[in-house]
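K.L.:
sequence? don't have it. structure:
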């Protein structure tokens, strides 16, 4: 399997409390891998950056870094394998989080890609987010579209 390059596109569809605590969630979205032997993805998240110089976002996290949290998702678990998304729940909205994705195949031995680019979800230290205004939603959509056109990574909040 050739080295995979996954452009991780993260969209913050919801940063909301699940209870009266600081628990929150985020929906991640990334470009689908098109290799015929793709079996699934591994989603990684952490409260510490794995980028050089602890940058929040970078094109490639440090190769041998280990994220504390991960979830392997096989293709059949995804609602749309052509537009993969995954919701990470139970996040503390008072902490920053960093995300990356890898793809894995069905070959034996199994091959796993390098990390995608890492993205940062900034803490919401003031509790649950305020309701978005129409202006802020339109601005975030414009940012996401421009980011997608440029091939870059965006967080839409």
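P.N.:
Looks like it arrived, so ask away. These numbers were taken from a predicted model, which means no experiment stands behind them. Numbers count the residues shown, from 1 in each chain.

K.L.:
C-alpha from now on. contacts and neighbour counts both.
P.N.:
Noted.

K.L.:
which SS class is the nearest residue in space to residue 95 that is not next to it in sequence?
P.N.:
Spatially, and ignoring its direct neighbours in sequence, residue 95 is nearest to residue 123 (4.6 Å; CA to CA, 6 or more residues apart in numbering). State at residue 123, reduced to three classes by DSSP: H, G, I helix; E, B strand; the rest coil: coil.

K.L.:
quick one: residue 71 is in a strand?
P.N.:
Yes. Under the criterion used here (three-state DSSP), residue 71 sits inside a strand.

K.L.:
returning to what we had before: the residue nearest to residue 95 reaches residue 96, doesn't it?
P.N.:
Yes. In this structure, residue 123 is within contact of residue 96 by CA atoms under 8 Å, at 4.6 Å.

K.L.:
who has more neighbours out of those two?
P.N.:
Per other CA atoms under 10 Å, whichever of residue 123 and residue 96 has more neighbours is residue 96, with 18 against 15.

K.L.:
tell me which element the closest residue to residue 43 other than its chain neighbours is part of?
P.N.:
Leaving aside its chain neighbours, residue 43 sits nearest to residue 101 (4.7 Å; criterion: CA to CA, 6+ apart). Element membership of residue 101 [criterion: DSSP states H and E] is strand 97-105.

K.L.:
phi first, then psi, for the residue nearest to residue 59 when sequence neighbours are not counted.
P.N.:
Using CA to CA, 6+ apart and skipping residues adjacent in sequence, the residue nearest residue 59 is residue 117, 4.3 Å away. With angles defined as degrees, to the nearest 10, residue 117 sits at phi -70, psi 150.

K.L.:
residue 115 and residue 100 touch, don't they?
P.N.:
Yes. The pair residue 115 and residue 100 qualifies as a contact (CA under 8 Å) at a distance of 6.2 Å.
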